[in-house]
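In: This is the structure alone, sequence omitted:
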């Protein structure tokens, strides 16, 4: 069964995900810090370090950019020529634009409404592509990954940051209890959308993490694929090349 935010809604996953993120946009950044105990900022820093090297990518695409946290971290670490962020939730983008303007970075980081499965860019356009906590929300995972590969330059890197499932006892059991019971309870009273954080748990459980995801990347045509588990497996960084 396809995991969607609102199972009683007959609309497709893409429109439901857009609706959900628009609903929780005002609370999104606060809840990320609260529910991850601030560790999500460390995860983002580690993900972007995978793009450091010679040469530094100068034209970067951030898919499912949300409120632009990852785009801002990219600029902080790499100082590229341009960063383009795309997302299907306009309310999230509006918050991101305000954060970018506050740091006087509107000429470097540009956000636009866009669908990961129909990217409005020419082939072989970007030096690097990033996605943080977005791929599990794709309606068609393979199609989204194929599109990202299409717009990535040959030799370019894609870095994906995504939740995964820890497998070490007893951390695995504690993690499942927190994600299934505590996190939705907190999210219900702070985001005003009780379905959103229930969906978070369900979408993480259904996502093909670890070796299954690197195998999907391989089948699509990416190479040098690797998975780097973080925080005992709560989250993983995936690195792939075109």
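Out: Received it, and whenever you're ready, just let me know what you need. As the structure is a prediction and not an experimental result, all values here were calculated from the model.

In: Please make it C-alpha for all contacts and neighbour counts, starting now.
Out: Will do.

In: Which residue ranges of this protein form helices?
Out: 13-24, 28-35, 39-49, 69-78, 90-102, 141-151, 171-177, 183-191, 194-206, 211-220 (DSSP state H).

In: can you tell me which of these the model trusts least?
Out: Least confident of the helices of the chain, judged by mean pLDDT, is helix 183-191 with a mean of 74.

In: Could you tell me the angle between that helix and helix 28-35?
Out: 140 degrees (axes from the mean of the first three to the mean of the last three C-alpha atoms, to 10 degrees).

In: re earlier: can you redo the helices of the chain as a markdown table with mean neighbour count and distance to residue 135?
Out: Output for these, formatted as a markdown table (neighbours: other C-alpha atoms under 10 Å; distance: least, C-alpha to C-alpha, whole Å):
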| stretch | mean neighbour count | distance to residue 135 |
| --- | --- | --- |
| helix 13-24 | 19 | 12 |
| helix 28-35 | 16 | 17 |
| helix 39-49 | 16 | 15 |
| helix 69-78 | 19 | 14 |
| helix 90-102 | 19 | 17 |
| helix 141-151 | 19 | 7 |
| helix 171-177 | 14 | 21 |
| helix 183-191 | 17 | 20 |
| helix 194-206 | 19 | 10 |
| helix 211-220 | 16 | 10 |
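
In: Let me have those in a markdown table, adding distance to residue 125 as columns.
Out: Formatted as a markdown table, these follow (distance: least, C-alpha to C-alpha, whole Å):
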| stretch | distance to residue 125 |
| --- | --- |
| helix 13-24 | 25 |
| helix 28-35 | 30 |
| helix 39-49 | 19 |
| helix 69-78 | 17 |
| helix 90-102 | 22 |
| helix 141-151 | 5 |
| helix 171-177 | 39 |
| helix 183-191 | 37 |
| helix 194-206 | 30 |
| helix 211-220 | 18 |
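
In: For residue 107, which non-adjacent residue is spatially closest?
Out: residue 82 (8.0 Å; C-alpha to C-alpha, 6 or more residues apart in numbering).

In: Enumerate every residue touching that neighbour.
Out: 58, 59, 60, 107, 108, 109, 110 (C-alpha atoms under 8 Å, 6 or more residues apart in numbering).

In: List only buried entries from these.
Out: Among these, those buried by neighbour count (16 or more other C-alpha atoms under 10 Å) are 59, 60, 108, 109, 110.

In: just checking, the last one touches residue 84?
Out: The reference is to residue 110. Yes. Residue 110 lies in contact with residue 84 (C-alpha atoms under 8 Å); the separation is 5.0 Å.

In: how near is the residue nearest to residue 107 to residue 97?
Out: The gap separating residue 82 from residue 97 is 15 Å, by C-alpha to C-alpha, to the nearest Å.

In: In the chain, where's the longest strand?
Out: In the chain, assigned by DSSP state E, the strand with the most residues is strand 152-163.

In: Count the residues that sit near residue 125.
Out: The number of residues packed near residue 125 is 16, by other C-alpha atoms under 10 Å.

In: give me every residue that touches the residue nearest to it when sequence neighbours are not counted.
Out: Nearest residue to residue 125, sequence neighbours excluded (C-alpha to C-alpha, 6+ apart): residue 151, at 5.2 Å. Counting by C-alpha under 8 Å, 6+ apart, residue 151 makes contact with 119, 121, 122, 123, 124, 125, 126.
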